[in-house]
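# Compute the structure for the input listed below.
(chains A, B and C)
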Amino acid sequence: MSHFFEMGGYAVFVWPAYAVTLAAIVLNIVWARRALARSREDARRRLGLRGEGP
Amino acid sequence: MSRFGSPAAGVVVQAGAITRQSTVWAGSHQAPMLDAARLALTRDLQLAFRKRGQLVQPLAFFAMVTMLFPLAISPELARLREIAPGVLWAGALLASLLALEFLFRDDAHDGTLEQYALSGQSLTWLMFAKTAAHWLLTGLPLALMAPLAALSLGVSVAAVPGIVVSVAVGSVALSLIGSIGAALTLGIKRSGALLSLLTLPLSLPVLIFGARATQLAISGGPLLAPLELLAALVVLGVTLAPLAAAAAVRISLE
Amino acid sequence: MTWTWFHRLGSPPYVYGLATRLTPWFAWPAALLIIGGLWGGLVLAPADYQQGDGFRIIYVHAPSAWMSLMVYTTMAIAAAVGLIWRIKVAHAVAASCAPIGASFTFAALVTGALWGQPMWGTYWEWDPRLTSELILLFLYLGYMGLRAGLEDTQRADRASAVLAVVGVVNVPIIHYSVTWWNSLHQAPSVMRLAKPTMAASMLVPLLMMLLGFTLFFGAVLLVRLRGEVLNRERSASWIREIVST
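As a prediction, this is how the structure comes out:
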């Protein structure tokens, strides 16, 4: 198990690399969802609905 | 219709000449676009010489930038000679970025650019003419000034011709590439940083080969190879950049 | 052959609905492939003969680099389509691509640096591939900056489209730089039409990751696309229905 974490001595390179990529993936998901929510909010405001809804 | 206000007196005269060209030559089969281009070129040169102070600014900037390095790094001529190609080209690139803001600014401001777009003449050729004028006013003087800066960095006199040629050829490519970014950012306030961000990535090959050619000129080696690559970039730029710039101008004026 | 499906792709309400429905079909397979690829790459694959466990960075570096190029190409094609045929949806696709591509270009540069240090002795070198990948990041940032600097959406669409098309010349340079020049970066070992020079146990997780990242791009693109389509629609009754729920 510890061999897995140590990555044959390369842990200080391997794990940050995976962390950065994971961060990129998570960031994209969060960012995209937030952008969509913002666009929906803008559209709502443009139409004068202002979240009142039917 | 013009978003940029009414034309300044006198300036519209030559722009009018270019648009009149299309009505006069409408029926003939001559090449009016070359004449229009020639008119645009002479107009830009004439207008620029009325504001000579503005012409000097990029050159003064170049001189100051090249001065920064000896003062900031080391006054030793031997060390400066090593970094001279980089310093010259970084300075030339930054100076030409500064000068790019003048390329379309006045014409966009007084409506001449719209006249060009509406004139029925080939906007691509007009863009080529404007870029050529821009190079004659900034790139060529930079190339002629570069030896002075090089000498101040400890470069030997024998390298001067090579330096002039490499900077002259490279700055043509820089003007062409820069015209695209300048056209895209027309009318954007404080677009200097954005213009640099758009122009620098595409200019990096020019920087790489130009610096290489200057390096070889300084060390006395054969600079034909990078010079040819630079020339190839120029040819590529000449064929594609005015087209892209014309498209960008039309988009910016819509 | 009817072209109605093609014309429908130009219709914002149709695209919005399609994007909403298709997203799970991209997202879930992407998640499975990435998790499977991670398992295969980190646990199952044997250590490399020369690079030991350090080679496992390839399972995040290669997909990130692939993304950086693939997304830009998609963006440039969508931009060209939007520019030539004046299709708003195409511009919406291009706008959606940029942030995704930029983030993975950054990831590719960082993971590459982390791989370069132990294996080739340096975090960075100004060789053609690394330099042109960095240029790619600046192209993305320039594209996004140009869009941000132009208030009129239509002008922003068309101007950034010109930029995207002009910059696409960088993509083949990046890809072929390792064959054209002597580069620090290693020669292509997967993207060759001949047999790849990797063992199957190492190759399969890599292919899973590449496919998984591609599908992930699809899912994120679809989510962003919905927002971009909404941004470009002024009134339209179909929006009313969608946003009031």
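# Quick one: name whatever helix or strand follows the host helix or strand of residue C:135.
Here residue C:135, judged by DSSP states H and E, is contained in helix C:128-149. Using DSSP H and E, the helix or strand that directly follows helix C:128-149 along the chain is helix C:153-167.
# now the helix or strand just after that next one: mean pLDDT?
Where DSSP H and E defines the elements, the next helix or strand beyond helix C:153-167 is helix C:170-180. Mean pLDDT, computed over helix C:170-180, is 77.
# Could you check the angle whichever strand or helix holds residue C:100 makes with helix C:153-167?
Element membership for residue C:100 (DSSP H and E) is helix C:88-120. Relative orientation of helix C:88-120 versus helix C:153-167 (axes from the mean of the first three to the mean of the last three Cα atoms, to 10 degrees): 40 degrees.
# Pull out the buried residues from helix C:88-120.
Buried residues in helix C:88-120, defined by neighbour count with 16 or more other Cβ atoms under 10 Å in any protein chain shown: C:88-119. Quick note: C-beta positions are derived from backbone N, CA and C, even for glycine.
# per-residue confidence averaged over the helix holding residue C:135?
90.
# Next: stretch B:32-39.
86.
# Likewise for stretch B:140-160?
In the prediction, stretch B:140-160 has an average pLDDT of 91.
# got the buried residues for that stretch?
For stretch B:140-160, a neighbour-count test (16+ other Cβ under 10 Å) marks B:140-143, B:145-147, B:149-150, B:152-155, B:159-160 as buried.
# Not counting its own residues, what contacts that stretch?
B:55, B:58-59, B:62-63, B:66-67, B:69-70, B:77-78, B:80-81, B:83-84, B:87-88, B:91-92, B:95-96, B:163-165, B:167-168, B:171, B:217-218, B:220 (Cβ atoms under 8 Å, 6 or more residues apart in numbering or on different chains).
# Just those: which are in helices?
When DSSP state H is applied, the contacts of stretch B:140-160 are split such that B:55, B:58-59, B:62-63, B:66-67, B:69-70, B:77-78, B:80-81, B:83-84, B:87-88, B:91-92, B:95-96, B:163-165, B:167-168, B:171, B:217-218 fall in helices.
# Mark which of those residues are buried, thanks.
The neighbour-count test (16+ other Cβ under 10 Å) applied to these identifies B:58-59, B:62-63, B:66, B:69-70, B:80-81, B:83-84, B:87-88, B:91-92, B:95-96, B:163-165, B:167-168, B:171, B:217-218 as buried.
# and stretch B:213-222, how far from the chain's centre?
Relative to its parent chain, stretch B:213-222 has a centroid offset of 24 Å by Cα atoms, centre = their mean, to the nearest Å.
# For it, which residues meet the burial criterion?
If you call a residue buried by 16+ other Cβ under 10 Å, then stretch B:213-222 has these buried ones: B:213, B:214, B:215, B:216, B:217, B:218.
# same question, stretch C:223-242
So for stretch C:223-242, counting by 16+ other Cβ under 10 Å, buried means C:223-233, C:239, C:242.
# is it anywhere near chain B?
No: Stretch C:223-242 does not reach chain B (Cβ under 8 Å from any Cβ of the partner chain); its nearest approach is 15.7 Å.
# model confidence over that stretch, on average?
Stretch C:223-242 comes out at a mean pLDDT of 86.
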